[in-house]
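K.L.:
no FASTA, just this:
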């Protein structure tokens, strides 16, 4: 046998190539192809022709897309901040050994393991706007009037964010719990001896000591939030009047909506989403050992 | 970390924690419990006493109604096929790749690991349009085999990451000893690495299963025919046909939920381990 071929066959590549091939065909190729698609006016059954950057000019001139960008930005900030802040609270509650801690942890994680679709369905029922709707019946017991949870634009924006915080907070709790465990006990003990308050310990020791895991949490939560689709699809389908139209919804609607079928323009939205996601992925990769040392 | 302070302070601190934790548990668990129990309530109770959690009597009639109109078992079997197919195929590919990536140093290894990490972190959702067109081109649109292939490929990166972390901890000296004994690399993979990596494979399998079982967005554009629908896509279809029947909504959602809750209750440690290995061994 040819020695180069022999070396290749006896090397690591024959084991890696099948997985690599699958990833190239099913993930890398679509990502690259989408850049081309975003520069065509393709529709289903019509390959379309090259239109340059017309799709990008069109989406950045469309109020629907700009509206979805602005809600997505608000959504990102509040969802990620809410998940991380409440996740930290839960992680702090679960600190230390006491009876029942593991059960609480399991229960806190339930929203995170269930599907986004089911979460949406569940909360849609909670948000039913009549007096007998669950949340309205609950607040009615305290004499409050029914709230239009999803049919009022501002309320809908808040409701959607609340549901996504509910869904994702368990993940933050899990990461931050892991982070809290890495803080050496001696450090906290010596802070106790110095008479440091709980707040002081939190902000001067715990958070700075786990800033790496906080950053990881931030990046994962942001990428997930940026790509939110099914829960908001069930809850509001982007309504009322586009108030809760997240960018992924806008992409699906442009490409697959009944009357739209604009695959090229939808691809342009996909490229924008890809680019923004990629920025966060690159920040993450640089934070890992790959960015720091030669692995 | 142990709780510190005087006994009184400790009692007070633990009590506060319990109170906050119980409050949080209510918020997290109440909607899930409500929907599970609403599916077996008599119809009128749902609307008349929405806040009462437990049914006065158990009533499965909604499931009879669903079964008379929809091939519910077919949807469940489809979802099992897609999920288990993705588990087996993606982990097969991933174990091979992790073996190649963990047993020796070579040029390009770091690049491959970074690329796999990046693919893992970028949701397939951003490429949903080209994936849809690709499936059409390959004749895999609205087919069961297409769905299995798509889900398998999508889950390979997680599998590789979890398994590389695991395999790196298996001493390479074992391979050398086995080679001297005349084992081929396939023998090493099958007889030594595979049994030793079973805990890692278990984490990856459970993680993959739950992720695939829950997936909706991509399946919703690839699957069209009723006979091919995965459970989440079918759930959406069933609910849209009758959105005001809360019992139907609760029942279909429950069918999605119960397997995930069972897997999670029994194998929670593996899911958590799979997540931390996949996400944090960076």
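P.N.:
Sure thing, it's come through. Worth saying up front: this structure is predicted, and the values here are computed from it rather than measured.
K.L.:
which secondary structure element is home to residue B:146?
P.N.:
helix B:144-168 (DSSP states H and E).
K.L.:
where does the chain dip in pLDDT?
P.N.:
Just going to use chain A. A:1, A:289-295 (pLDDT under 70).
K.L.:
not quite, I wanted chain B
P.N.:
B:1-5, B:273-282.
K.L.:
tell me where it has helices.
P.N.:
Counting by DSSP state H, chain B has helices at residues B:7-38, B:43-48, B:61-69, B:72-102, B:109-121, B:128-137, B:144-168, B:172-180, B:185-187, B:194-196, B:198-214, B:217-222, B:231-241, B:246-280.
K.L.:
deepest of those, which one?
P.N.:
helix B:144-168 (a mean of 23; mean count of other CB atoms under 10 Å in any protein chain shown). Where you see a C-beta, it was placed from the backbone N, CA and C, and this is true even at glycine.
K.L.:
just want the angle from that one to helix B:246-280.
P.N.:
40 degrees (axes from the mean of the first three to the mean of the last three CA atoms, to 10 degrees).
K.L.:
and helix B:144-168, what does it pack against?
P.N.:
In terms of contacts (3 or more CB pairs under 8 Å, 6 or more residues apart in numbering or on different chains; DSSP states H and E), helix B:144-168 is packed against helix A:13-23, helix B:72-102, helix B:109-121, helix B:128-137, helix B:198-214, helix B:217-222, helix B:246-280.
K.L.:
need the ones you listed in JSON lines with distance to residue A:210, can you?
P.N.:
What follows is these, written out as JSON lines (distance: least, CB to CB, whole Å):
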{"stretch": "helix A:13-23", "distance to residue A:210": "32"}
{"stretch": "helix B:72-102", "distance to residue A:210": "28"}
{"stretch": "helix B:109-121", "distance to residue A:210": "21"}
{"stretch": "helix B:128-137", "distance to residue A:210": "35"}
{"stretch": "helix B:198-214", "distance to residue A:210": "23"}
{"stretch": "helix B:217-222", "distance to residue A:210": "32"}
{"stretch": "helix B:246-280", "distance to residue A:210": "12"}
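K.L.:
which stretch among the ones you listed comes nearest residue A:205?
P.N.:
helix B:246-280 (21.0 Å; CB to CB).
K.L.:
that older thread, so which of the helices and strands packed on helix B:144-168 comes closest to residue A:204?
P.N.:
helix B:246-280 (24.4 Å).
K.L.:
gap between the closest one and the chain center?
P.N.:
7 Å (CA atoms, centre = their mean, to the nearest Å).
K.L.:
now do that helix and helix B:198-214, the angle between them.
P.N.:
140 degrees.
K.L.:
if we can go back for a sec, between the helices and strands packed on helix B:144-168, which one is closest to residue A:260.
P.N.:
Nearest of the helices and strands packed on helix B:144-168 (CB to CB): helix B:128-137, 12.1 Å.
K.L.:
and the spatially most central residue of chain B, how far is that from chain A?
P.N.:
Among the residues of chain B, the one closest to the centroid is residue B:210, at 1.6 Å (CA atoms, centre = their mean). Residue B:210 sits 6 Å away from chain A, going by CB to the nearest CB, to the nearest Å.
K.L.:
is it true that that residue touches residue B:260?
P.N.:
Yes: counting by CB atoms under 8 Å, residue B:260 is a contact partner of residue B:210 at 5.8 Å.
K.L.:
shared neighbours of these two, anything?
P.N.:
Common neighbours of residue B:210 and residue B:260, counting by CB atoms under 8 Å, 6 or more residues apart in numbering or on different chains, are residue A:113.
K.L.:
before we move on, back to that, tell me the contacts of the residue nearest to the centre of chain B?
P.N.:
Applying CB under 8 Å, 6+ apart to residue B:210 gives the contacts A:113, B:260, B:263-264, B:271.
K.L.:
reformat these as CSV; add distance to residue B:131.
P.N.:
Output for the contacts of residue B:210, formatted as CSV (distance: CB to CB, whole Å):
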residue, distance to residue B:131
A:113, 25
B:260, 24
B:263, 27
B:264, 28
B:271, 26
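K.L.:
between the residues you listed, which is closest to residue A:190?
P.N.:
residue B:271 (36.0 Å).
K.L.:
identify the residue spatially nearest to that closest one, adjacent ones excluded.
P.N.:
Using CB to CB, 6 or more residues apart in numbering or on different chains and skipping the chain neighbours, the partner closest in space to residue B:271 is residue B:206 (5.6 Å).
K.L.:
and residue A:129, helix, strand or coil?
P.N.:
Taken by DSSP: H, G, I helix; E, B strand; the rest coil, the conformation at residue A:129 corresponds to coil.
K.L.:
tell me, how many residues neighbour it?
P.N.:
16 (other CB atoms under 10 Å in any protein chain shown).
K.L.:
what's in contact with stretch B:69-89?
P.N.:
Under the contact criterion CB under 8 Å, 6+ apart, stretch B:69-89 has outside partners B:63, B:66-67, B:144, B:147-149, B:151-152, B:154-155, B:205, B:208-209, B:212-213, B:219, B:226-232, B:234, B:238, B:255.
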